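Chemist: Predicted model and sequence follow; I will ask about them next.
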Amino acid sequence: MEQDEYRRMFELETTYWWFAGRRELVREWVAEALRRQASPPAERQLLDAGCGTGANANMLRAFGRVVGADISYEALRWSRRRGLSSLAQCRAEQLCFADDTFDVVTALDMLEHVDDDLAALAELHRVCKPGGAVIVTVPAYGFLWSPHDEALHHRRRYAPRELRDKLEALGFEVERLNHFMFGLFVPVLLMRIWQNLRKRGLRSRSDAQPLPAWLNRLLLWLLSVERRLGRFVTPPVGVSLICTARKRAWVRKLVQRRPEFACDFAQRALDDAYINRLGDQSRLMILQVARMDAVRPAGHQRDG
């Protein structure tokens, strides 16, 4: 991400409709995920992978001890200004944490930034406790690509089936996957078409720009209505996706009983998932990056 985007994010993240609305949605999904887990609040460990300037990690502190991780020192500097102290500088594809550490891992609009999202998902799976939850948000649909994605250095946008298949191929059980921002889907689609038609004359920049207070309140209200409706209905479309995926406990137990099968089992599980679900053996080579190395790479830094 551009350096000035971190400053803008820090200034807007607590009040801007998009950040504040998504944060309230994530708060509900984290609370729901933790209701299905036995760990008491005092012992809960949460990770915000790709924590950015720290507003989401700050919100998560209501649920337990929170660690924020980001590849950018600039992002961690802004996170520290929010009062966060448990921070780690590392890549999402090479997290500097032990296996089975966290009850909940959040990756909020992070996966679209990494070159290898399968490797990042494999790391989220590794550091999550068996039976723990990973909560992911990503931008939806490639046809919504715009200068906003370019300004934020996005690599991709996701279709729902793609996100589900990648999570399940890596050993997750997808509990819930929803669109959100579905009420604004048509206006955003029309805006993206207009932006892309005149793209040559546009400087790539984020859509997160200050708005009049009345408009910011109106958009926050719309997201609040969507959040309530989303408890009862599954929206057919949306600008973004949110997903809760559970780490299957039986995978870890099997490997613990027969450790000699660990590497072979992981590869077979990935291969079978893609053969059965997609029927495309040519994509199996992609999954090689998702095999978890027992030796953690050196060179990670911790901050705090």
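Modeler: Everything's here; your move.
Chemist: which residues in the chain form helices?
Modeler: Counting by DSSP state H, the segments of the chain that form helices are 3-12, 17-35, 55-60, 73-81, 117-127, 147-151, 160-169, 185-197, 213-229, 249-257, 262-278.
Chemist: now the fourth one: mean pLDDT?
Modeler: Helix 73-81 shows a mean pLDDT of 93.
Chemist: Can I get the helices of the chain in CSV including distance to residue 238 and mean neighbour count?
Modeler: To be clear about C-beta, it is placed using only N, CA and C from the backbone, and glycine gets the same treatment. Listed next are the helices of the chain as CSV, based on distance: least, CB to CB, whole Å; neighbours: other CB atoms under 10 Å:
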stretch, distance to residue 238, mean neighbour count
helix 3-12, 21, 16
helix 17-35, 11, 18
helix 55-60, 19, 23
helix 73-81, 26, 19
helix 117-127, 20, 23
helix 147-151, 16, 18
helix 160-169, 9, 19
helix 185-197, 6, 14
helix 213-229, 9, 14
helix 249-257, 31, 13
helix 262-278, 23, 15
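Chemist: export these to JSON lines and tack on distance to residue 101?
Modeler: Formatted as JSON lines, the entries for the helices of the chain read as follows, by distance: least, CB to CB, whole Å:
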{"stretch": "helix 3-12", "distance to residue 101": "27"}
{"stretch": "helix 17-35", "distance to residue 101": "16"}
{"stretch": "helix 55-60", "distance to residue 101": "15"}
{"stretch": "helix 73-81", "distance to residue 101": "19"}
{"stretch": "helix 117-127", "distance to residue 101": "5"}
{"stretch": "helix 147-151", "distance to residue 101": "32"}
{"stretch": "helix 160-169", "distance to residue 101": "19"}
{"stretch": "helix 185-197", "distance to residue 101": "37"}
{"stretch": "helix 213-229", "distance to residue 101": "30"}
{"stretch": "helix 249-257", "distance to residue 101": "13"}
{"stretch": "helix 262-278", "distance to residue 101": "18"}
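Chemist: Quick check: the closest residue to residue 25 other than its chain neighbours vs residue 181, distance?
Modeler: Excluding the flanking residues, the one nearest residue 25 by CB to CB, 6 or more residues apart in numbering is residue 227, at 5.4 Å. In this structure, residue 227 and residue 181 are 10 Å apart, going by CB to CB, to the nearest Å.
Chemist: Over to residue 151?
Modeler: Using CB to CB, one obtains 18 Å as the distance from residue 151 to residue 181.
Chemist: Also residue 146?
Modeler: The span separating residue 146 from residue 181 equals 14 Å under the rule CB to CB.
Chemist: and those two? which has more neighbours close in?
Modeler: residue 181 (24 against 21; other CB atoms under 10 Å).
Chemist: Show the contacting residues for the more buried one.
Modeler: Residue 181 makes contact with 188, 223, 226, 238-240, according to CB atoms under 8 Å, 6 or more residues apart in numbering.
Chemist: How much space separates it from residue 246?
Modeler: From residue 181 across to residue 246, the span is 24 Å (CB to CB).
Chemist: then stretch 231-239 to CSV, C-alphas only?
Modeler: These are the backbone C-alpha positions of stretch 231-239, laid out as CSV (Å, rounded to 0.1, in the frame of the first residue of the first chain):
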residue,chain,number,x,y,z
ARG,A,231,-28.8,-12.5,10.2
PHE,A,232,-31.9,-13.9,8.5
VAL,A,233,-31.1,-13.9,4.8
THR,A,234,-28.1,-14.7,2.6
PRO,A,235,-27.5,-11.8,0.1
PRO,A,236,-27.1,-13.0,-3.5
VAL,A,237,-24.5,-10.4,-4.4
GLY,A,238,-22.3,-7.8,-2.6
VAL,A,239,-19.2,-5.7,-3.0
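Chemist: what residues does that stretch touch?
Modeler: Contacts made with stretch 231-239 from outside it, assessed by CB under 8 Å, 6+ apart, are listed as 139-140, 144, 178-182, 184-185, 188, 226, 229.
Chemist: on that earlier part again, go ahead and confirm the residue nearest to residue 25 touches residue 23.
Modeler: No. Taking contacts as CB atoms under 8 Å, residue 227 lies outside contact range of residue 23: 10.9 Å.
Chemist: residues in contact with the residue lying closest to residue 68 once chain neighbours are set aside?
Modeler: Excluding its sequence neighbours, the residue lying closest to residue 68 (CB to CB, 6+ apart) is residue 51, at 3.4 Å. With contacts defined as CB under 8 Å, 6+ apart, the neighbours of residue 51 are 57, 68-70, 75-76, 79, 84, 87.
Chemist: surely residue 50 meets residue 113?
Modeler: Yes. Assessed by CB under 8 Å, residue 50 is found in contact with residue 113 at 6.9 Å.
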